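K.L.:
No letters, just coordinates:
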């Protein structure tokens, strides 16, 4: 089974959203040049950048745009390329192709058979 490992919440005002989640839920945030803010809901392992506790996930805040109008859940897969074939065979489609996320791995967005937008994440073989 491929687990959900990340979430993204679209915002219209990044500073306002950061403050909201910090104050409402005690999340820690880390802004990356106002383009993306990591939202930590759980402590992370400094080596893997993943939550220390099994079953917990962290996420991010991003600026709302046509590709990300609603919150997105991200599924970890062994291969985005292989998953894309299965998604298309099942009636879905990629809406944003595979893009590198630093040295951590790759990400993509897809639309499922019901019109929902979700994310895919593939760790690099280094991790």
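P.N.:
Yes, it's here. Just so it is clear, the structure is predicted and the values come from calculations on it, not from any experiment.

K.L.:
Every contact and neighbour count from this point should use C-alpha atoms.
P.N.:
OK.

K.L.:
Strand partners (parallel or antiparallel) of the helix or strand harbouring residue 119?
P.N.:
Assigned by DSSP states H and E, residue 119 belongs to strand 117-123. Using DSSP bridges, the strands paired with strand 117-123 are strand 72-76 (parallel), strand 105-111 (antiparallel).

K.L.:
Give the other helices and strands that the helix or strand following the first one contacts.
P.N.:
If I follow you right, that is strand 72-76. Using DSSP H and E, the helix or strand that follows strand 72-76 in sequence is helix 80-89. Under the contact criterion of 3 or more C-alpha pairs under 8 Å, 6 or more residues apart in numbering; DSSP states H and E, helix 80-89 touches strand 93-101, strand 105-111, strand 117-123.

K.L.:
Of these, which stretch is the most buried?
P.N.:
Most buried of the helices and strands packed on helix 80-89, by mean neighbour count (mean count of other C-alpha atoms under 10 Å): strand 117-123, with a mean of 22.

K.L.:
Give me the outermost residue of the protein relative to its centroid.
P.N.:
If you look at how far each residue of the chain sits from its centre, by C-alpha atoms, centre = their mean, the farthest one is residue 89, at 23.1 Å.

K.L.:
before we move on, back to that, for the strand holding residue 119, what is the distance to the chain centroid?
P.N.:
Averaging C-alpha positions (C-alpha atoms, centre = their mean, to the nearest Å) puts strand 117-123 7 Å from its chain's average.

K.L.:
Need the contact partners of that strand.
P.N.:
68, 72-80, 104-112 (C-alpha atoms under 8 Å, 6 or more residues apart in numbering).

K.L.:
Roughly how far does residue 70 sit from residue 38?
P.N.:
17 Å (C-alpha to C-alpha, to the nearest Å).
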